[in-house]
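[1] sequence? don't have it. structure:
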């Protein structure tokens, strides 16, 4: 029997069916051997089932929840959020304030309260440190832990970023560090070739030429009107391939105005040709 099970649950704060959270676990047996249960998508309901299975197999079960669990304030930020935000901001990230006015997150009908009620865990961080058994719940701030995994992350504005849309603003590219942490890649030796047809590629190229400022989501809508059954991700991959070939121009490049930066017009005082004002 596993003596300890540490469960990490990122709830995504809401119970949106298309934007689930994720749950994983580390099991530790009596000999100190560790096994890892890889992350899997999970709603609050699926997370409860996951925790119940771990609880049945462990004498001590600690749930580390990446969501505020005590929110008494009706507006603004909790004191703990202010402390965490100051450090996270220094690292280059941001902290979302928690208050009861946020519908679907912390109002009276929010799923977090039903989750806590059904979980029925002991919520005491100090007790969780030395508890030998039981089901315990603590709130965690993963953004504060990440810089301790890699020295390159620790510094002003050096915190790891995970938004691909802002890849150019990352002070440290997280991809090489992630690969270093997992040297045994699971990438197959033979990568599957693209399955889309040449007709679909041609249609994407022509529609993008007619609508140069449109992205993959809008192009999918036009493609479906023309009878193509393509997903948003597939159209995105086709656009990326066309950009690499130089057939399609990225939107940010199109938005950039020629001539570089716009010169600011400042009023430097009255301009006069009177010799009396000339030095």
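    Sure, I can see it. Everything numeric here is computed off the predicted structure, so don't read it as measured data.
[2] list the contacts for residue 7?
    23, 24, 25, 50, 51, 54, 61, 62, 63, 64 (CB atoms under 8 Å, 6 or more residues apart in numbering). The C-beta positions use only the backbone N, C-alpha and C, and glycine is treated the same way.
[3] please narrow those residues to those residing in helices.
    Residues of the contacts of residue 7 located in helices (DSSP state H): 50, 51, 54.
[4] closest one of the residues you listed to residue 197?
    If you rank those by distance to residue 197 using CB to CB, residue 50 comes first, at 40.3 Å.
[5] OK, contacts around that closest one?
    Residues near residue 50 by CB under 8 Å, 6+ apart: 7, 23, 25, 40, 42.
[6] coming back round to it: a markdown table for the ones in helices among the contacts of residue 7, including distance to residue 120 and pLDDT?
    A markdown table is the format used below for the ones in helices among the contacts of residue 7 (distance: CB to CB, whole Å; pLDDT from 0 to 100):
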| residue | distance to residue 120 | pLDDT |
| --- | --- | --- |
| 50 | 16 | 97 |
| 51 | 11 | 97 |
| 54 | 15 | 95 |
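[7] ok, so of the residues you listed, who is nearest residue 244?
    Proximity of these to residue 244 (CB to CB) peaks at residue 50, which lies at 40.3 Å.
[8] ok, back up a step: residue 137: which of the ones in helices among the contacts of residue 7 is nearest?
    residue 51 (9.5 Å).
[9] show me the contacts for the closest one.
    7, 9, 23, 61, 63, 119, 135.
[10] same thing but 10 Å
    Taking CB atoms under 10 Å, 6 or more residues apart in numbering, we find residue 51 in contact with 5, 7, 9, 23, 25, 42, 61, 63, 115, 118-119, 121, 135, 137.
[11] how near is it to residue 25?
    9 Å (CB to CB, to the nearest Å).
[12] what's the overlap in contacts for those two?
    When contacts are counted by CB under 10 Å, 6+ apart, residue 51 and residue 25 are jointly contacted by 5, 7, 9, 61, 63.
[13] these in strands, which ones?
    Within the shared contacts of residue 51 and residue 25, residues falling in strands by DSSP state E are 5, 7, 9, 61, 63.
[14] tell me the helix or strand right after the helix-or-strand element of the chain with minimal mean pLDDT.
    The weakest-scoring helix or strand in the chain, judged by mean pLDDT, DSSP states H and E, is helix 174-181 (a mean of 56). Downstream of helix 174-181, the next assigned helix or strand under DSSP states H and E is helix 198-210.
[15] elements contacting that following helix?
    helix 216-225, helix 232-244 (3 or more CB pairs under 10 Å, 6 or more residues apart in numbering; DSSP states H and E).
[16] so can I have JSON lines of the ones you listed showing mean pLDDT and mean neighbour count?
    Output for those, formatted as JSON lines (pLDDT from 0 to 100; neighbours: other CB atoms under 10 Å):
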{"stretch": "helix 216-225", "mean pLDDT": "87", "mean neighbour count": "16"}
{"stretch": "helix 232-244", "mean pLDDT": "88", "mean neighbour count": "16"}
